[in-house]
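S.K.: Prediction below, plus the sequence it came from.
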Amino acid sequence: MSRPGPTWVVAGTSDVRDIITGIAYQEGRETVATVATDLGGDLLKKHCPAAKVLVGRLDPDGMKQLIHDEGIEHIVDASHPFAAEVSRNVIDVAAELGIDYLRFERPGIGPIESPVVKMADSIESAARMAAAMGPRMLVTTGSKNIRVFADVAKRCGVKVFARVLDVPASLEAAREAGLTEEGIIKFSGSQDGVDIFDLLNEIQPTAVVSKDSGITGGTVEKIVACEALNVPIIIVGRPSIDYPKTVNTVQAAVEAVAVWA
C-alpha cells in the first residue's frame, strides 16, 4: 500500500502546533503548514521541525498551485476563527479538486453571564458601541480592521488605543489608520491575556473590544480582567461559515487524519 501524500495544515492559532505534531509523530505523515506572517512562520519552524513551513498569504490560485506543487492529498483548516475568507477559499478549492477537508475550530467562549460583557455581531457594530461608552477605547482585535475603529472614534471624539502585533505590517496598518504612537500598543502574540491587567490599569479605557477567539485565545483572560476592574468589554461574535466537516479538539483532528487513505 502506498503511503498517503502530504497533509496541508492551514495555520492560524497556537493549537496548530499540537495538530502538526500529532499528524507527524503519531501518524507518521508528512505535513505542509502555511502561515500568513513571518512571526507565525518562525514560531512554527521552532515548535514543529517535522513540518515544511511556507510563509505568505494565498489566494485561490495560489492554493491550487500549492496543492499541485506539494502533492497535497488532505487539508486540515486550522486558520483563525475570524479568517473567514481564508476558510471559504480553502473549502471551495478542496471541493473543486476533490481533496479531503477538515476544519479544526477551537471552541468559542459560549454564553457568558457578566455585567461587563456586551456582544456585537460585527466589527462595525463593536466600534459604534465602544465609542458610545466613553472617551477611551482599547481595541484588541488586531490590525486588520483597525481603520474601522479609528474612523468611528474620530467622528465621536474618542481616543483609540490598539494592541497589535509587533511586526511591520501591523504597525503600519495602525499608523495608516491614524493612530498615534501612544495609541499603538505593541505585543509579541505570546503575551495575549498575560499583561491585560497592567494594560487596563495603564490605559484606563472606558471600553475594551475583543473577538471571540476561543477559550485558548485570550478572550477569557480579558473578560476576567475587565470584570475585576469593572470595565465594559465588547465581544465580536464569530462569522458564520458552513464547514463541510468540523472537529474542536486536537486529538479529534489527528484521529480524523488517521483514517484518510
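M.R.: Perfect, thanks for sending it.
S.K.: C-alpha only now, for contacts and for neighbours.
M.R.: OK.
S.K.: Below-threshold pLDDT in the stretch 51-200 of the chain: ranges please.
M.R.: 189-194 (pLDDT under 70).
S.K.: those strands in it, which residues are they?
M.R.: Under the criterion DSSP state E, counting those that start in this stretch, the stretch 51-200 of the chain contains strands at 52-55, 74-78, 100-104, 117-120, 136-139, 159-165, 184-187.
S.K.: tell me which residues of stretch 175-184 are tucked away?
M.R.: Within stretch 175-184, the residues that qualify as buried are Arg175, Ala177, Gly178, Leu179, Gly183, Ile184, counting by 16 or more other CA atoms under 10 Å.
S.K.: can you give me the end-to-end distance of that stretch?
M.R.: Start and end residues of stretch 175-184 are separated by 8 Å (CA to CA, to the nearest Å).
S.K.: gap between it and the chain center?
M.R.: Chain-centre distance of stretch 175-184: 22 Å, with CA atoms, centre = their mean, to the nearest Å.
S.K.: cool, stretch 222-235 as well?
M.R.: Here the centre of mass of C-alpha atoms in stretch 222-235, compared against the chain's by CA atoms, centre = their mean, lies 20 Å away.
S.K.: Now that stretch: buried residues?
M.R.: Lys222, Ile223, Val224, Ala225, Cys226, Glu227, Val231, Pro232, Ile233, Ile234, Ile235.
S.K.: Over to stretch 20-36?
M.R.: Quick answer for stretch 20-36 (16+ other CA under 10 Å): 20-24, 29-36.
S.K.: Of all pairs in the residues you listed, which one is the farthest apart?
M.R.: Pairwise distances across those (CA to CA) peak at 22.8 Å, for the pair Arg29 and Ala36.
S.K.: Go through the buried residues of stretch 20-36 and flag which are in helices.
M.R.: Residues of the buried residues of stretch 20-36 located in helices (DSSP state H): Ile20, Thr21.
S.K.: Would you format the buried residues of stretch 20-36 as CSV with pLDDT and distance to Ala258 included?
M.R.: Conversion of the buried residues of stretch 20-36 to CSV gives the following (pLDDT from 0 to 100; distance: CA to CA, whole Å):
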residue, pLDDT, distance to Ala258
Ile20, 93, 12
Thr21, 91, 13
Gly22, 91, 10
Ile23, 90, 8
Ala24, 84, 11
Arg29, 83, 9
Glu30, 91, 12
Thr31, 93, 13
Val32, 96, 16
Ala33, 96, 17
Thr34, 97, 20
Val35, 94, 23
Ala36, 88, 26
